[in-house]
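Undergrad: Predicted model follows, preceded by the sequence.
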Amino acid sequence: MCGEDGSMSQRMKLFIFLLIINLIVIVIYLVWNHIRRKENLRSVWMKAVMMFLCPVVGPMFVLLSFILFKLFSSQGMDLSDVVFSKDRTENFLRPDEEMERNMVSLEEALEVTDKKSLRTLMLNVIRGDYQNSLSSINLALNSEDSETAHYAASILQDVLSDFRVGVQEKYRTLDEDEEHIAENCVNLLEYMNPVVEQKVLTDLEQRSMAERMDEVLQKAWTADRQKISSSVYEKVCQRLLETEDYENCRKWCARVREQYPDALSSYTCQLKLFFSCGDRENFFRIMQELKESDITIDNETLELIRIFM
């Protein structure tokens, strides 16, 4: 009996020791991810809970997953080959990016419990160019502060109401001047895109607007395709991808490639299409063609490639 008691005591000590080591590993994992800030916070905590509930096995699983991810992701392609050369890589900064750096994002502010600070920030957004912040304002609809939610609802209602009326009015007058149909169509697309890309409409209306953009671009292409810039093609392709209209997106990808063979957007349209479809073979085919060209590559394209890898 004494021998059995001693054996159980040893096993219990070993078990407690493993639990302590397991907790230390979890703490190190959380601190490490807090410093790196590369992984989604929810994913980090889910893995931490799994490691806590499954001592030893959980940490080993997370470690093995990390090793396999690094191993296979590094075999796909050397990203130094993707960059090609520093002379062909360019940083494209939005005009208002400096201002955005100095502003607290509304998404983060919504997590603040100080209602006065949140309302002040909301009023600052209203006073500024809030049409480019509709997606953030849309999040404020779910704010616990009723006044902030009211501000957000009021802004969205006014802006989207004016937007719908503007789209209908501009669409109705597209054919009034036959000599400028293509220009009118392009102007309508440029008017629609800033709102549609923020995804503040219902799913049904979002799809309807994407279909309208496809229709208007077709009208412009039929009237005078030379009036359509490569960036307009790319914007419409992106809106179609968001509604999973791959067929029409493929059509415009082919047309922009034919009309602007030396434009970066003619490649990025196809890269985004194949990325969305999970078509690895064609994605790397287009990437190889881009590599062999002399086209300057922007950071967005490099990031897309890294994500796909």
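TA: Right, received. Where do you want to start?

Undergrad: Flag every buried residue along the helix ranked longest in the chain.
TA: Secondary structure of the chain per DSSP state H: the longest helix is helix 2-36. Residues of helix 2-36 classed as buried by neighbour count (16 or more other C-beta atoms under 10 Å): 22, 25-26, 29, 33. Just so you know, the C-beta spots here come from the backbone N, C-alpha and C atoms, and that holds for glycine as well.

Undergrad: and the residues you listed as JSON lines, adding pLDDT and distance to residue 135?
TA: Shown next, in JSON lines, are these (pLDDT from 0 to 100; distance: C-beta to C-beta, whole Å):
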{"residue": "22", "pLDDT": "82", "distance to residue 135": "41"}
{"residue": "25", "pLDDT": "84", "distance to residue 135": "39"}
{"residue": "26", "pLDDT": "85", "distance to residue 135": "35"}
{"residue": "29", "pLDDT": "80", "distance to residue 135": "32"}
{"residue": "33", "pLDDT": "75", "distance to residue 135": "27"}
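
Undergrad: and those as a markdown table, adding distance to residue 229?
TA: Formatted as a markdown table, these follow (distance: C-beta to C-beta, whole Å):
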| residue | distance to residue 229 |
| --- | --- |
| 22 | 58 |
| 25 | 54 |
| 26 | 53 |
| 29 | 48 |
| 33 | 43 |
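
Undergrad: What helices and strands are in contact with the longest helix of the chain?
TA: Applying 3 or more C-beta pairs under 8 Å, 6 or more residues apart in numbering; DSSP states H and E, we find helix 2-36 packed against helix 41-53, helix 57-76.

Undergrad: got the angle between that helix and helix 41-53?
TA: Angle of helix 2-36 versus helix 41-53, following axes from the mean of the first three to the mean of the last three C-alpha atoms, to 10 degrees, is 170 degrees.

Undergrad: where's the residue nearest the centre of the chain, which helix or strand?
TA: Centroid-nearest residue in the chain: residue 304, 9.9 Å away (criterion: C-alpha atoms, centre = their mean). Using DSSP states H and E, residue 304 maps to helix 299-308.

Undergrad: Tell me the gap between that helix and the middle of its chain.
TA: Distance of helix 299-308 from the chain centroid (C-alpha atoms, centre = their mean, to the nearest Å) equals 11 Å.

Undergrad: export that helix as PDB, just CAs?
TA: This file holds the C-alpha atoms of helix 299-308, laid out as PDB (Å, rounded to 0.1, in the frame of the first residue of the first chain):
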ATOM      1  CA  ASN A 299       2.900  47.600 -52.300                       C
ATOM      2  CA  GLU A 300      -0.800  46.500 -52.600                       C
ATOM      3  CA  THR A 301       0.200  44.000 -55.300                       C
ATOM      4  CA  LEU A 302       3.100  42.700 -53.200                       C
ATOM      5  CA  GLU A 303       0.800  42.300 -50.200                       C
ATOM      6  CA  LEU A 304      -1.700  40.400 -52.400                       C
ATOM      7  CA  ILE A 305       1.100  38.000 -53.400                       C
ATOM      8  CA  ARG A 306       2.300  37.500 -49.800                       C
ATOM      9  CA  ILE A 307      -1.300  36.700 -48.700                       C
ATOM     10  CA  PHE A 308      -1.700  34.200 -51.500                       C
END
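
Undergrad: That helix - what's its average pLDDT?
TA: Helix 299-308 carries an average pLDDT of 77.

Undergrad: again with stretch 176-194
TA: For stretch 176-194, mean pLDDT rounds to 92.

Undergrad: thinking again about what came up before, output the contacting helices and strands for the helix holding residue 304.
TA: The helices and strands touching helix 299-308, judged by 3+ C-beta pairs under 8 Å, 6+ apart, are helix 79-83, strand 89-90, helix 264-277, helix 280-292.

Undergrad: In TSV: these, plus mean neighbour count.
TA: Rendered in TSV, the data for the helices and strands packed on helix 299-308 read as follows (neighbours: other C-beta atoms under 10 Å):
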stretch	mean neighbour count
helix 79-83	12
strand 89-90	14
helix 264-277	22
helix 280-292	15
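
Undergrad: Now mean pLDDT and distance to residue 205 too, for these, in a markdown table please.
TA: Listed next are those as a markdown table, based on pLDDT from 0 to 100; distance: least, C-beta to C-beta, whole Å:
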| stretch | mean pLDDT | distance to residue 205 |
| --- | --- | --- |
| helix 79-83 | 45 | 38 |
| strand 89-90 | 50 | 36 |
| helix 264-277 | 91 | 21 |
| helix 280-292 | 89 | 31 |
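
Undergrad: Switch those over to a markdown table; also include distance to residue 221.
TA: Output for these, formatted as a markdown table (distance: least, C-beta to C-beta, whole Å):
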| stretch | distance to residue 221 |
| --- | --- |
| helix 79-83 | 32 |
| strand 89-90 | 29 |
| helix 264-277 | 15 |
| helix 280-292 | 22 |
